[in-house]
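*Asks:* Sequence and predicted structure, then a few things I'm wondering about:
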Amino acid sequence: MAIARANPGITIRELSTVAELELAIQLEKEVWRCDDSDVVPITLAVATRAAGSIWLGAFEGDDLIGFAFALPSFDEGGTAFHSHTLGVGEAYQSSGVGYQLKLAQREKALALGIKKMTWTFDPLRSRNAHLNFCKLGVISDRYEIDFYGSKSSSPMHSNSTDRLWVTWNLAEPRVDQRLKRASGADESQNSHAVAKSATRVGQPIQDSNTPCRSQAGHSLDRFWIAGTLHLNLRRCSFDLPQIVRREFD
C-alpha cells in the first residue's frame, strides 16, 4: 500500500520482497559509489525488515529511484528509530524525493507509536543541513568524529566520516509547524542560523583544530564556510578529490 506520493508519477511505499530490497542495495552502491563491503548485506536487509525495520522505496513506475532504511533503536531509555540510510538516484536529487521519504518515515513511525527518530549526516553538505534543520526541524547535540571509521570505499567519505548526530522529535509542535511551512520565504531562510539554534553546546570551546563532542555550534561555524565554497560537494568529492582534500585537510 502506498504511504506517500512525492511527485506526480512517483509513489513511496514499503519494500516488501527480497527483490525490492536488492534494488535498494544496488541503488545504495550507485549513490555512494562504494564496494560491496560498505553496503547493507541482503541477508541483513531481509532480517531487519522481518524484525520491524522500516524499508521504504520511491518508485517511478516499476523503477526504484530512492529508498530509506530505519531500524528500531533505544535512545535515552526509550524506543526510537534510527534512520541508517536514505539515498536518491542522481537524476532525481533536488526534486523533493528525499524530503518525501523522510515524511513517509515519520508517518510510519508515528503509526507504530514511535515519536523519535535519529540519524547522522555530513556537516559539510549544506543541502542536507537545509533539509534536516530548516525543513524537518531536527535538533543536534552530538558531533561524532570518524563515526564510520577513518575511511571507506566511497569517494563521498574522502573527507573522513565525521557526522552530526541529529534527533527528530516526530510529534513535537515545532516539528509540525516546520513541516507545514509552505511559502518560499520560510523555506529559504538561512540554514546556518537555524542549524545553530537547533544545536546545544555543552562544553566551552577548546583551543584545538579538531572538533570535539558537544561543540556542534562551533563546528558549524567553520564547516559552513566550506559548504559555501563548495555547494556541490558531492560532485567535488567524486570528480575533484584532490581539490576537496586540499581545501578540507
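*Replies:* On my side now, so go ahead.
*Asks:* Go ahead and confirm Ala129 touches Leu136.
*Replies:* No - assessed by C-beta atoms under 8 Å, Ala129 is found out of contact with Leu136, at 10.7 Å. C-beta: built from backbone N, CA, C; applies to glycine.
*Asks:* Which one of those two is surrounded by more residues?
*Replies:* Ala129 (25 against 19; other C-beta atoms under 10 Å).
*Asks:* Beyond whatever helix or strand the more buried one lives in, next helix or strand please.
*Replies:* Using DSSP states H and E, Ala129 sits in helix 126-129. Per DSSP H and E, the first helix or strand lying C-terminal to helix 126-129 is strand 139-144.
*Asks:* what residues does the helix or strand that comes right after that next one touch?
*Replies:* Using DSSP H and E, the helix or strand that follows strand 139-144 in sequence is strand 163-169. Among residues not part of strand 163-169, those counted as contacts by C-beta atoms under 8 Å, 6 or more residues apart in numbering are 75, 106, 115-123, 132, 136-144, 147-148, 175, 216, 219.
*Asks:* picking up where we left off before, name the helices or strands packed onto the helix holding Ala129?
*Replies:* helix 191-197, helix 216-229 (3 or more C-beta pairs under 8 Å, 6 or more residues apart in numbering; DSSP states H and E).
*Asks:* out of the contacts of strand 163-169, which are buried?
*Replies:* The neighbour-count test (16 or more other C-beta atoms under 10 Å) marks 106, 115-123, 132, 136-143, 175, 216, 219 as buried among the contacts of strand 163-169.
*Asks:* Lys180 and Arg174: what is the separation?
*Replies:* Here the distance between Lys180 and Arg174 works out to 11 Å (C-beta to C-beta, to the nearest Å).
*Asks:* Of these two, which one has the most company?
*Replies:* Each of Lys180 and Arg174 has its neighbours counted (other C-beta under 10 Å); Arg174 has more, 11 against 8.
*Asks:* What pLDDT is listed against Ile12?
*Replies:* Reported pLDDT at Ile12 in the predicted model: 96.
*Asks:* quick one, phi psi at it?
*Replies:* Per-residue torsions, Ile12: phi -110, psi 130 (degrees, to the nearest 10).
*Asks:* Stretch 25-38: end-to-end distance?
*Replies:* This stretch, stretch 25-38, spans 10 Å end to end (C-alpha to C-alpha, to the nearest Å).
*Asks:* Give me the buried positions along that stretch.
*Replies:* Under the neighbour-count criterion of 16+ other C-beta under 10 Å, stretch 25-38 has 25, 27-29, 31-32, 34, 38 buried.
*Asks:* Please consider this matter closed, and thank you.
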